[in-house]
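In: the sequence and its predicted three-dimensional model are supplied below.
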Amino acid sequence: MTAISEPFPLDGRSAAVTMPFADFYRDRYAKSVRLAVVLTGAPSVAEDVVQDVMAEAHRRWARLSSYEDQGAWLRRAIVNRAISRHRRAVVATKGFLRLTASSNLSIELVDCDWELWRHVRSLPGRQAQMIALVYVEGLTIEAAAEILAIGIPTAKSHLARAKQQLQRDLKDWSTS
């Protein structure tokens, strides 16, 4: 005999049916890696970032599953984790360069897409993040602003400046 569910929970909790974590993971993994690749510039680093964030989401799933939009939490966590990894990488690279006394390290990128995303990553942080959230994730400016905890006018300004800079950079790049 199956229990009849109450239309309104008696304990005051939400009656919303929560998605199992495995479904959430399958639904969001590829999109999350794509966002992280744009933010980090390296597929292997992006996968690490997403795996770390997904592991954290799994640990917190009892609470996260009750959120109206778990994807917003996920995107915010990916942005934060990518920033943290970038900061650690900068510190490590500076230390390595001091030890080796060489600043001639570079990685050649041959694919046009990689060149575009290299230009995006060279933008100031918030501008690059707005490009990634709006054009890779397909979010509205309002949703991206919420994830980055900035005002909508500030988000629009970051996005406009990013597009202007990319237009200049890519114009110069295509003529060389």
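Out: Received the coordinates, thanks.
In: can you list the low-confidence ranges for this structure?
Out: 1-17, 88-113, 172-176 (pLDDT under 70).
In: tell me how it divides into domains.
Out: Using automatic domain parsing, the domain ranges for the chain come out as 17-104, 106-176.
In: could you dump these to JSON lines with mean neighbour count?
Out: The C-beta positions use only the backbone N, C-alpha and C, and glycine is treated the same way. What follows is the domains of the chain, written out as JSON lines (neighbours: other C-beta atoms under 10 Å):
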{"stretch": "domain 17-104", "mean neighbour count": "15"}
{"stretch": "domain 106-176", "mean neighbour count": "16"}
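In: ranges for the helices of the protein?
Out: 21-40, 43-59, 61-64, 70-100, 112-122, 125-131, 141-148, 152-175 (DSSP state H).
In: on contacts alone, who are the packing partners of the last one?
Out: Counting contacts by 3 or more C-beta pairs under 8 Å, 6 or more residues apart in numbering; DSSP states H and E, helix 152-175 is packed against helix 112-122, helix 125-131, helix 141-148.
In: repeat that for the first one.
Out: Taking 3+ C-beta pairs under 8 Å, 6+ apart as contact, the helices and strands that helix 21-40 lies on are helix 43-59, helix 70-100, helix 112-122, helix 125-131.
In: got a list of what the residue nearest to E47 when sequence neighbours are not counted touches?
Out: Of all residues not flanking E47 in the chain, V33 sits nearest, at 5.9 Å (C-beta to C-beta, 6 or more residues apart in numbering). If you count contacts by C-beta atoms under 8 Å, 6 or more residues apart in numbering, V33 has them with 43, 46-47, 50.
In: now with 7 Å, please.
Out: Contacts here follow C-beta atoms under 7 Å, 6 or more residues apart in numbering; on that basis V33 touches 46-47, 50.
In: now do I78
Out: Going by C-beta under 7 Å, 6+ apart, I78 touches 32, 35-36, 49-50, 53.
In: sorry, back to before: now the helices and strands packed on helix 21-40 as JSON lines including distance to I147?
Out: Formatted as JSON lines, those follow (distance: least, C-beta to C-beta, whole Å):
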{"stretch": "helix 43-59", "distance to I147": "13"}
{"stretch": "helix 70-100", "distance to I147": "5"}
{"stretch": "helix 112-122", "distance to I147": "17"}
{"stretch": "helix 125-131", "distance to I147": "8"}
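In: L159 against I141, yeah?
Out: Yes. Using C-beta atoms under 7 Å, L159 is in contact with I141, at 6.4 Å.
In: overlap of the contact sets of the two?
Out: V134.
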